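*Asks:* just the structure for this:
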Amino acid sequence: MLGEGYGTRITGEADANTFIVDNGWLGTAMETGLLGIFIWFWLFVRAVRRMGAAARADPGPRGWLLTGTAASIAAFAVSMFTYDAFSFIQSTFVLFLVLALGAAAVAAKGPPATPAARPSG
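*Replies:* Numbers count the residues shown, from 1 in each chain. You can find the predicted model right below:
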């Protein structure tokens, strides 16, 4: 239920204590347990909901940035059903960069931008 812990699975040939799983979600489930999988799911859902709500409240450039970060995180989470993202550290690193960018944009609360006035004519 709680898993074995990160880094406790040794898959080397000489002193292996577990078998190799060729799936990032299975490896994460073995290391963190069902609680860890739930927390990953919660991270994706919470980030998308929070950034999406902030994006709807701001019609300016900050709103568009939050829309992009929410869409990127949602696309990453959905793509993990067919793509083993945890096995490729570059994609997971980009996920954390996008999460950080979105979290900073949510935290940077300023007055909502008003749409630029169109010139009449």
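*Asks:* residues of the host helix or strand of residue 99 that come out buried?
*Replies:* Residue 99 is part of helix 89-107 when elements are defined by DSSP states H and E. Burial within helix 89-107, assessed by neighbour count using 16 or more other C-beta atoms under 10 Å, is assigned to 95, 98-99, 101-102, 105-106. C-beta: built from backbone N, CA, C; applies to glycine.
*Asks:* save those residues as a markdown table, and put in distance to residue 53 too.
*Replies:* Below are the buried residues of helix 89-107 laid out as a markdown table (distance: C-beta to C-beta, whole Å):
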| residue | distance to residue 53 |
| --- | --- |
| 95 | 20 |
| 98 | 17 |
| 99 | 16 |
| 101 | 17 |
| 102 | 12 |
| 105 | 12 |
| 106 | 9 |
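*Asks:* now for residue 28: which residues touch it?
*Replies:* Residues in contact with residue 28 (C-beta atoms under 8 Å, 6 or more residues apart in numbering) are 36-37, 40, 86.
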